[in-house]
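>>> quick one: sequence and predicted model below, then my questions.
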Amino acid sequence: MPKSQYIYSDPTIATSANGDTPYGLYDNDASFVSESIDVAKYVSRKLGHPVMQLEFNSSSIYACFEESISDYSQYINNYNMKNWLWDHYGTTDRISGSMSTGSHEPMHPRLGMAFALSEQYGEAVGVGGSTDMYSGSITLSSSRQVYDLENDASLEKTGDRLEIQRVFNYGPAAITRFYDPFAGSFDQRRMLDDMGMGNVSPSVSFIMRPLHQDISRANAIETNDRIRKSAYSFELINNKLRIFPRPDTGDVGDKVWFQYYIRSEKTANTETHTVNKVSDPSNVPYKFITYSEINAAGRQWIRKMTLALAKELLGIIRSKYASMPLPNGEVSLDGEGLKAEGREEKANLLEELKEFLDSVSLSERARLEQEQAESQQSVLSKAPLGIYIG
C-alpha cells in the first residue's frame with residue numbers, strides 16, 4: 001500500500017512513519033516508528049476526522065511529528081550549549097565526536113582551556129607562555145651610563161628586535177643591614193656581611209620579635225635608600241638601558257643581566273587550540289535526540305507541537321479556497337482561523353519550553369541559591385542571641 005494513504009481513516013491499517021518522513025532522522029528509532037501511528041490518529045481526531053475530511057494525508061502528519069522532535073532537540077541542545085559550551089571549548093572533537101543529549105554527561109569544569117587561553121597573559125608578566133625567554137648581559141664601564149642592549153650586550157640568541165622583560169639591577173637585600181642585638185654584636189654582623197653571609201636572617205629573630213617587625217624594618221631601609229640615597233635603578237627607552245648609579249663591583253660584579261623575548265618569535269607563535277575542536281555553538285557535536293530517550297513530559301510537548309503544526313498546515317491548505325460551491329449554496333472553510341490558531345499554539349509551546357529551560361539553567365540556579373542564602377541570613381538575624389554568664 002502506498003505510504004500516502006490516509007492511515008487514520010482505517011484503524012486496522014498500520015502504516016508507520018518509517019520511510020515516509022522528509023529527512024528520515026528518526027526512522028531507525030523503534031519508539032518513533034511505533035508511536036507515529038498513534039500520533040497520526042491523535043492529530044486527525046483533534047482536527048475533526050472522521051466527521052470532517054482532512055485535506056492532507058498521513059505523511060504530512062509524520063512530517064509535523066519529525067519537525068516537532070527536531071524543534072524539541074534544538075531547544076534542549078541550545079540549553080546544553082548555554083550551560084556547558086565553555087567546558088567543551090577546544091576539547092571535544094567536533095569531527096568524530098557525537099554528543100547525544102540524552103546520553104551524554106556534561107563535563108565538569110576543570111579550568112583546562114582557561115589556563116591555555118591565559119598563556120599569553122602569563123607570558124606578558126613572565127610567568128608562563130609558549131615563547132622562549134632568553135638572557136643577556138652588559139659589561140659595565142665607569143665611562144658609560146647608557147648601553148644599547150641590541151648591539152652592546154652579550155645575547156643568548158639574537159633577533160630582529162628584542163623585547164626586554166626584566167633587568168636585574170637591584171641593591172643588596174635589606175636584611176643584610178639589620179642590626180640584631182639578639183644574634184651577636186654589630187661587629188659580628190658586619191663580619192658576616194663581609195664574608196657574603198649577611199643575607200642569612202638570624203635564626204633566633206622570630207623567637208624574640210614578631211615577623212612583621214622585620215618586614216617593617218626592611219621597608220624602612222629600602223625607602224631610606226630610595227629617597228635619601230641614589231638607590232639602584234635604571235631607565236629603558238627603545239632598548240637603550242641607562243644605569244644609575246654604577247653598581248659596586250664588589251657587591252654585584254661588573255655585569256648587569258636581563259631577560260628578553262625575540263619579537264619575531266612572539267608574533268610567529270600561533271596557538272591552535274580549536275583546530276577540529278569545539279570553537280563556537282555551530283560546531284558543538286550535539287546530535288538530534290532520539291525519541292526513545294525523551295521522557296513522558298517531553299513526548300507530551302512533542303504531541304502538542306505536532307498538532308499545532310498540523311493545524312497550521314491544514315489552515316494553509318484550506319486558505320487556498322475561502323469557500324466551496326454546493327448545489328444549493330456554498331460552504332465557508334475555516335482556513336484562516338485554523339492557521340492563526342495553529343501558529344498561536346506553536347508560539348505558546350515554544351515560549352513555555354524556553355521559560356522552563358531558563359528556569360533550570362545554571363545561572364538561574366546560582367540566583368536561587370543566592371536568594372536562599374540571603375533569606376537564611378535574614379531569618380538568622382532575627383533569632384535571639386544567646387546570653388552567656390561566666
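Cool, the structure landed. Residues are numbered from 1 along each chain as shown.
>>> what average pLDDT does stretch 55-72 get?
pLDDT averaged over stretch 55-72 equals 92, rounded to a whole number.
>>> mind listing what's buried along that stretch?
Of the residues in stretch 55-72, those with enough neighbours to count as buried (16 or more other C-beta atoms under 10 Å) are 56-69, 71-72. From N, CA and C alone the C-beta is placed, and that goes for glycine too.
>>> could you do stretch 356-363 as well?
Of all the residues in stretch 356-363, those buried under the rule 16+ other C-beta under 10 Å are Leu357.
>>> average model confidence for it?
Confidence over stretch 356-363 (mean pLDDT, whole number) is 89.
>>> what does it contact?
If you take C-beta atoms under 8 Å, 6 or more residues apart in numbering as the criterion, stretch 356-363 is touched by 75-76, 78-79, 82-83, 364.
>>> show the buried residues in these.
Of all the contacts of stretch 356-363 considered here, the ones buried according to neighbour count by 16+ other C-beta under 10 Å are 76, 79, 83.
>>> what is the nearest of those residues to Glu336?
Within the set of the buried ones among the contacts of stretch 356-363, Ile76 lies nearest Glu336; the separation is 33.0 Å, counting by C-beta to C-beta.
>>> so how far is Ile302 from that closest one?
11 Å (C-beta to C-beta, to the nearest Å).
>>> go on, Phe56?
According to C-beta to C-beta, Phe56 stands 19 Å off from Ile302.
>>> domains in the chain, by residue range?
Following automatic domain parsing, one gets these domains for the chain: 7-106+278-362, 175-231.
>>> closest one of the buried ones among the contacts of stretch 356-363 to His49?
Ile76 (31.5 Å).
>>> I'd say the closest one and Phe288 touch.
No. Using C-beta atoms under 8 Å, Ile76 and Phe288 do not qualify as a contacting pair, with a distance of 9.7 Å.
>>> sorry, back to before: mind putting the contacts of stretch 356-363 into a markdown table with distance to Ser36 and secondary structure?
Conversion of the contacts of stretch 356-363 to a markdown table gives the following (distance: C-beta to C-beta, whole Å; DSSP: H, G, I helix; E, B strand; the rest coil):
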| residue | distance to Ser36 | secondary structure |
| --- | --- | --- |
| Tyr75 | 21 | helix |
| Ile76 | 21 | helix |
| Asn78 | 25 | helix |
| Tyr79 | 26 | helix |
| Lys82 | 31 | helix |
| Asn83 | 31 | helix |
| Glu364 | 35 | helix |
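>>> Throw the residues you listed into JSON lines and include distance to Ala308, thanks.
Shown next, in JSON lines, are these (distance: C-beta to C-beta, whole Å):
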{"residue": "Tyr75", "distance to Ala308": "15"}
{"residue": "Ile76", "distance to Ala308": "18"}
{"residue": "Asn78", "distance to Ala308": "20"}
{"residue": "Tyr79", "distance to Ala308": "21"}
{"residue": "Lys82", "distance to Ala308": "25"}
{"residue": "Asn83", "distance to Ala308": "27"}
{"residue": "Glu364", "distance to Ala308": "27"}
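>>> nearest to Ala30 among those residues?
Where the contacts of stretch 356-363 are concerned, and distances follow C-beta to C-beta, Ala30 has its nearest neighbour in Ile76, at 20.7 Å.
>>> and that closest one, how far from Ala17?
Here the criterion is C-beta to C-beta. By it, Ile76 lies 21 Å from Ala17.
>>> also Glu344?
Using C-beta to C-beta, Glu344 is found at 26 Å from Ala17.
>>> Pro172 now?
Distance, Pro172 to Ala17, using C-beta to C-beta: 85 Å.
>>> tell me which of the two has more neighbours.
Taking Pro172 and Ala17 together and counting by other C-beta atoms under 10 Å, Ala17 has the greater number of neighbours (26 against 17).
>>> Phe32 is in contact with that one, correct?
Yes. The criterion here is C-beta under 8 Å, and Ala17 meets it with Phe32 at 7.0 Å.
>>> common neighbours of those two, please.
With C-beta under 8 Å, 6+ apart applied, the overlap between the contact sets of Ala17 and Phe32 consists of Phe65.
>>> doesn't Gln259 lie inside a strand?
Yes. Secondary structure assignment (DSSP: H, G, I helix; E, B strand; the rest coil) places Gln259 inside a strand.
>>> was I right to think it contacts Asp132?
No. Checked against C-beta under 8 Å, the pair Gln259 and Asp132 is beyond contact range at 10.8 Å.
>>> quick one, which of the two is more surrounded?
Shown here are Gln259 and Asp132; by other C-beta under 10 Å, Gln259 has more neighbours (16 against 12).
>>> what's near enough to touch the more buried one?
Each residue near Gln259 by C-beta under 8 Å, 6+ apart is listed here: 126, 133-136, 164-166.
>>> quick check: the farthest pair among the residues you listed?
The distance between the two most remote of the contacts of Gln259 (C-beta to C-beta) is 15.0 Å, for Gly126 and Gly136.
>>> the more surrounded of those two?
For Gly126 versus Gly136, the count of surrounding residues by other C-beta under 10 Å is larger for Gly136: 20 against 12.
>>> where does the stretch 1-150 of the chain dip in pLDDT?
Using pLDDT under 70 as the threshold, the predicted model of the stretch 1-150 of the chain has low-confidence ranges 1-15, 91-117.
>>> do a quick rundown of the helices in the stretch 151-300 of the chain.
Using DSSP state H, counting those that start in this stretch, the helices found in the stretch 151-300 of the chain span residues 186-194, 205-208, 211-228, 249-252, 263-268, 296-319.
>>> err, the stretch 1-150 of the chain, not the other one
30-46, 58-88, 112-117, 119-124.
>>> what average pLDDT does stretch 304-313 get?
For stretch 304-313, mean pLDDT rounds to 95.
>>> also stretch 210-228?
The predicted confidence, averaged over stretch 210-228, sits at 82.
>>> alpha carbons of that stretch, as CSV, please.
Once non-C-alpha atoms are left out, stretch 210-228 reads as follows in CSV (Å, rounded to 0.1, in the frame of the first residue of the first chain):
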residue,chain,number,x,y,z
PRO,A,210,57.2,39.2,65.7
LEU,A,211,57.8,38.7,61.9
HIS,A,212,56.0,41.9,61.0
GLN,A,213,58.7,43.9,62.8
ASP,A,214,61.4,42.6,60.4
ILE,A,215,59.2,43.4,57.4
SER,A,216,58.7,47.0,58.7
ARG,A,217,62.4,47.4,59.2
ALA,A,218,63.2,46.1,55.7
ASN,A,219,60.7,48.5,54.2
ALA,A,220,62.2,51.4,56.2
ILE,A,221,65.7,50.6,54.9
GLU,A,222,64.5,50.3,51.3
THR,A,223,62.5,53.5,51.5
ASN,A,224,65.5,55.3,53.0
ASP,A,225,67.7,54.2,50.1
ARG,A,226,65.2,55.3,47.6
ILE,A,227,64.6,58.8,49.0
ARG,A,228,67.9,59.8,50.7
